[in-house]
Every structure is written in structure tokens, then in C-alpha cells.
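# build the 3D model from these lines:
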Amino acid sequence: MFLSLGEWGYAVLVDWGGVVEMCLSSDYYWCWTMPPEISDLPENVINAILMPLPLRDAVRTSILSKKWRYKWCKLPQLTLDDELWKTTDSLLSPSIKFTTIMYNILTLHEVPITHFTLSMSKLKKYPKICSLLHFLSRKGIQHLVLQFSEWNRLKLPSSFFTCLQLSHLTLQNCQICPPPAFEGFNMLISVELCHVSVSSRSLESLISSSPLLEKLVLKFFDSMNHFEITAPKLRSFDFLGCIKYVSLKNSPHLAKLSLFYGESFEESEKCDLDNFFQPLLALENLHLEYGSFQFLTASLPRRLSSALNNLKRLYVSLDELADLSCALCLIRSSPCLQHLEVQVWGRTPSLRRFVSLQNASNASSNASFRPYKWR
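Presented below is the predicted three-dimensional model:
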């Protein structure tokens, strides 16, 4: 990247192989004679100004003054998204543009990169990102977001598994195939996987090897078999997808649970309601969406053997009579319930009996009951 004076008196800022900014020579002179209070801002203030900007705009600030030149190279947070390789030059493929941008980042960036987002959700063909991930690993990456197209799930390269300092990970539309020697990301605190292809065994291993994990989000997962979560510090779990059986026996501190079963929930193995909730006595917020109760109907007791004494908020979505029985059991077993919300999908007379739920429960007299939603 360099700054030059064009033939017709224009200041031209050139970055990754293309022109990104032009201004009249008078403006060019003004850019280099900015007030000292702008040119001499403290480093932390400059970073606070640059970090919210798109990377292309952050690079453009190099023309503000000599002291601002290459300030973007010291940013600890970077985002590369589809907007960066949108240019009027249709002869350059996105892969070439990305490679050029990546080369400049690798050669110019000076400080550790703690937060990095790469979004290629609109690309049909992906450039190689192996070198980039190796670079991020050496730069101490902690927060990593990788997003690809839903029509072409990228298999993550082996260099991804060298980012051992990761504490927050978000993956979208990709494939995870850990190498045999991979021992896990033992510093992970939060994980969000959306449209990710991974085996049950690999996912279980990824979670169990993350002893600090507190938040787990799994969305739109391909059909999986049995899946057991072993996460002693897990506080929040959101699941949306198709699975035959999920176990939360080894998550004693789980406070927030949200379940939404997809179209194939009929194939799920039935789970004993009491056994499922017995280890989850720390629950404070429970969200059971459409299809979730179908997974919990193997046995329908009137009450759970162990009360959910910490449960304060409950959302349930009902479709069948068995759903109603499950909901009543949970309400009777939640003496400290404060907020109850119900969504009813069916219109059968048995479901209409739900209007008597408050009288049938032992919920706290302080509990608020949200009006029913009929679908």
C-alpha cells in the first residue's frame, strides 16, 4: 500500500492491488495539515476510532496524516467480508482479491490479533485459507468467526486446529474433521456452530476437551445419533436441529436450556422426562420449542422426583396432548416459577384445557402468565 499524487493533481491511495480513494489536490494538502489534536491522538483513542470501521475504511485513514499511516496495522480486531472484494474490475476473481488482501495483512500487521472475522458467504469458490489460519494462530487469536456459503461447506484445513488460544468460536457452513492427534481447544468459553457437518464423536470430543466452556449453541445440525454433553461449567445451551438422543447428565451448572427439534423429531428416541431433568437442578430459564416434548414422552409423571427449585422462566410450545402432560409436570415441579409463556399449535379440545394450568400448578403466586398464542 502507498500514497501517490496522480497525473491530474489527485491524491491516490493504493492498497491491495487497486485504487480505493481519490481526492482533489487541495483536499490532499488539507489531509496532511490536520490540527495537532487529531494527528496526535493517543493510541487507544485511535484504535477506538478505527475498530468499528470496515477494514477498507480503516485503511483509508492512512491519508489523514503521517502519524495515522499504517495505524490499521496495529488493530487487534479485523474483519474480512464479502464487501472487501467487491470492485468494478470484473476481471479479477474473488480468490485473487482475497489472496492479495491476505498477503498485505500477513506482511504489514504488527500486533497480536485477538478478534478476527472472515465471511465468504457469497462466494461460490473459496480461496485457500490455510496460511491465514496459521498466521492467526501465531498472532494469538482468541475470538474467531468463520462464515461460508450454505451451498458449499468448506472443510476446515488442519491449520485451524493449531489455534489453541481460542476462547470464543463461531463457525457457519463448514465441515469439521479433527486430525487424530488433536487434543481440543482447552481455553474455549463459548462455541456457536451453525450448519456445521461434524460427527457425534468429534463433537463430543470437542466439548469434553473444553473444560472452561460456558455457552454452547448448535443450530441447523444434520441428523445425528446419540450425543452426550460433558461440560462441567456449561451455563447456557441452545439446540436447533435433528438428533435421536441428547444427554445433559454431565452439565450440573446449566442455567439456560433451549430445545427446538426439526422435522425429523419423530425419529428421536423417547427420553424419560424425570431422568432428563434430574441432573439439571440449576436450571433458571427453560425454553421448549416445537417438537421438543416429543423427545421427552417416554414416561410422564405427575411431578419430577427432584423439584426445579431454581426455575424462574418457562416457555413451552404445545402441539399434542402428550405435550400438555409434560408441561403440567414441569409447572407442578417448579415452585419458584415467575414467568410462564405458552404457544399452542393445535386446536383440539384437550389442548384448550390449558386455560386451567395456573390452578393445576404449584407455581408461585407471583408468577406472571403470558396470554396464549394460538396457531
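
# tell me the SS of Asn47?
helix (DSSP: H, G, I helix; E, B strand; the rest coil).

# pull out the buried positions in stretch 241-260.
241-244, 246-248, 251, 254-260 (16 or more other C-beta atoms under 10 Å). Every C-beta, even on glycine, is put in place using the N, C-alpha and C of the backbone.

# which members of the residues you listed are positioned in strands?
Under the assignment DSSP state E, these contribute Gly241, Cys242, Ile243, Lys244, Val246, Ser247, Leu248, Lys256, Leu257, Ser258, Leu259, Phe260 to strands.

# out of those, which two sit at the greatest distance?
Lys244 and Lys256 (23.4 Å; C-beta to C-beta).

# okay, now Gln142: neighbour count?
20 (other C-beta atoms under 10 Å).

# got the phi and psi for it?
The phi/psi pair for Gln142 (degrees, to the nearest 10) reads phi -120, psi -40.

# enumerate every residue touching it.
Thr114, His115, Gln165, Leu166, Ser167, His168 (C-beta atoms under 8 Å, 6 or more residues apart in numbering).

# verify the stated contact: the last one with Thr117.
No. In terms of C-beta atoms under 8 Å, His168 does not count as a neighbour of Thr117; the distance is 11.2 Å.

# mutual contacts of the two, please.
Leu144.

# how about the helices in the stretch 1-150 of the chain?
In the stretch 1-150 of the chain, helices defined by DSSP state H, counting those that start in this stretch lie at 25-31, 36-39, 43-50, 55-60, 94-108, 130-138, listed in chain order.

# nearest to Glu341, of the buried residues of stretch 241-260?
The nearest one, if we look at the buried residues of stretch 241-260 relative to Glu341 and count by C-beta to C-beta, is Ser258, at 12.8 Å.

# surely that closest one and Leu218 touch.
No. Ser258 lies out of contact with Leu218 (C-beta under 8 Å); the separation is 10.4 Å.

# common neighbours of the two, please.
Joint contacts of Ser258 and Leu218 (C-beta under 8 Å, 6+ apart) are Asp238, Phe239.

# show me where the stretch 51-200 of the chain dips below the pLDDT cut-off.
For the stretch 51-200 of the chain, the stretches with pLDDT under 70 are 84-92, 94.

# if we go to 50?
Within the stretch 51-200 of the chain, no stretch has pLDDT under 50.

# domain ranges for this protein, per the record?
1-75, 76-213, 224-375 (automatic domain parsing).

# report the secondary structure state of the residue lying closest to Leu288 once chain neighbours are set aside.
Sequence neighbours aside, Val316 is the residue nearest to Leu288 in space, at 5.1 Å (criterion: C-beta to C-beta, 6 or more residues apart in numbering). Using three-state DSSP, the structure places Val316 in strand.

# wait, what's in contact with Val316?
Here Val316 is in contact with Leu288, Phe293, Asp323, Cys326, Ala327, Leu330, Glu341, Val342, Gln343 (criterion: C-beta under 8 Å, 6+ apart).

# narrow these to those in helices?
Asp323, Cys326, Ala327, Leu330 (DSSP state H).

# doesn't Ser299 make contact with the second one?
So the one you mean is Cys326. No. Shown here, Cys326 and Ser299 do not form a contact pair, counting by C-beta under 8 Å, at 10.2 Å.

# report whether the expected contact of Asn310 with Leu281 is present.
Yes. Judged on C-beta under 8 Å, Asn310 makes contact with Leu281 at a distance of 6.9 Å.

# within the helices and strands, which one has Val191?
Per DSSP states H and E: Val191 is located in strand 190-197.

# now do that strand: distance to the chain's middle.
7 Å (C-alpha atoms, centre = their mean, to the nearest Å).

# and that strand, what other elements does it pack with?
strand 168-175, strand 215-230 (3 or more C-beta pairs under 8 Å, 6 or more residues apart in numbering; DSSP states H and E).

# quick check: which of those strands is buried the most?
Most buried of the helices and strands packed on strand 190-197 by mean neighbour count (mean count of other C-beta atoms under 10 Å) is strand 168-175; its value is a mean of 19.
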